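Asker: Sequence first, then the predicted structure, then my questions.
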Amino acid sequence: MLKILKYSFFDLMRSRWSYFYLFFYLALGFVLLFLNRDIGKAIITLMNVIIVLVPLISTIFCIMYYYDSKEFTELLLALPIRRSSIFIGQYLGVALSLSMSLLIGLGIPFICYGLFESDIIFEFLLLLGIGAFLTFIFSALAYNIGLRNENKIKGFGFAILLWLFLAVVYDGIFLSILLVFGDYPLENISLIGTILNPIDLSRILILLKLDISALLGYTGAVFKKFFGSGLGSLLSFALLALWTVLPILLIYRTGKKKNF
């Protein structure tokens, strides 16, 4: 698996799309800090970009890589290599390359503008960590969709619909439920609804750590009480880790039975 991971990683690092992804975040970081030298405000603006863009890019890039490398995967399957090792190695290669592009692309501008002299370095590291989590989560979800759909157009469509549902539609449904049943105690439902969406969970963690939980509106006090505590933060990261591990286990299970 390590050899396949290494090959996939370096193959993607030589890709022009990886460089484009890296330079996009590099330019975005410098532009944000040039227009507003307040690192705290730049992090808030960057959060809105990362929460939506990272899952989208990870989904598209991973599903495209799966279908483009299908012939090479079939060749590997003819060798005495475990199926699960091939698929997990390829997935980790994609996720690690995208994460590295994100970390380097955003890290360089903020370091140049005095990140280490700022008092919100922990919040920036939290933002990068959540971006890496979202990369691994949505890459794994997209890879699972590819494994279960032989048709490239169908798999690509399902992957985009999954991102669209979690990034846009889910929030609309969740907000509608809160508005319709606003007269009832919805604290537990709000927490459960947030846990079931890694994008919402990531957004709330960043907002709470930046101490702007008032932007959360109705459920702000509930999330501040739970996620704002030390135990709540640890549980939140554990949930993000669970969102990462479960799709990887599904890749392992599906890969063992995958036939072309």
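Answerer: Here it is on my side, so go on.
Asker: Hmm, Ile189 and Ile177 touching each other?
Answerer: Yes. Ile177 lies in contact with Ile189 (C-beta atoms under 8 Å); the separation is 7.3 Å. For every residue, glycine as well, the C-beta is placed using N, CA and C.
Asker: Quick check: Ile86 vs Leu147, distance?
Answerer: Using C-beta to C-beta, to the nearest Å, we find Ile86 at a distance of 11 Å from Leu147.
Asker: so what sits against both of those two?
Answerer: Gly255 (C-beta atoms under 8 Å, 6 or more residues apart in numbering).
Asker: now for the host helix or strand of Leu205, which elements pack on it?
Answerer: For Leu205, the host element (DSSP states H and E) is helix 198-209. Applying 3 or more C-beta pairs under 8 Å, 6 or more residues apart in numbering; DSSP states H and E, one finds that helix 198-209 contacts helix 39-68, helix 121-148, helix 170-180, helix 187-195, helix 220-226, helix 230-257.
Asker: Next, the angle from the first one to helix 121-148.
Answerer: Right, the one you point to is helix 39-68. 20 degrees (axes from the mean of the first three to the mean of the last three C-alpha atoms, to 10 degrees).
Asker: In contact with Ser202, which residues?
Answerer: Ile51, Ile130, Phe133, Leu134, Leu240.
Asker: ok, 6 Å please
Answerer: Ile130 (C-beta atoms under 6 Å, 6 or more residues apart in numbering).
Asker: Tell me the spacing between it and Gln90.
Answerer: 25 Å.
Asker: And Ala238, by the same measure?
Answerer: Between Ala238 and Gln90 the distance, using C-beta to C-beta, works out to 27 Å.
Asker: in the stretch 51-200 of the chain, which segments are predicted with low confidence?
Answerer: For the stretch 51-200 of the chain, the stretches with pLDDT under 70 are 182-187.
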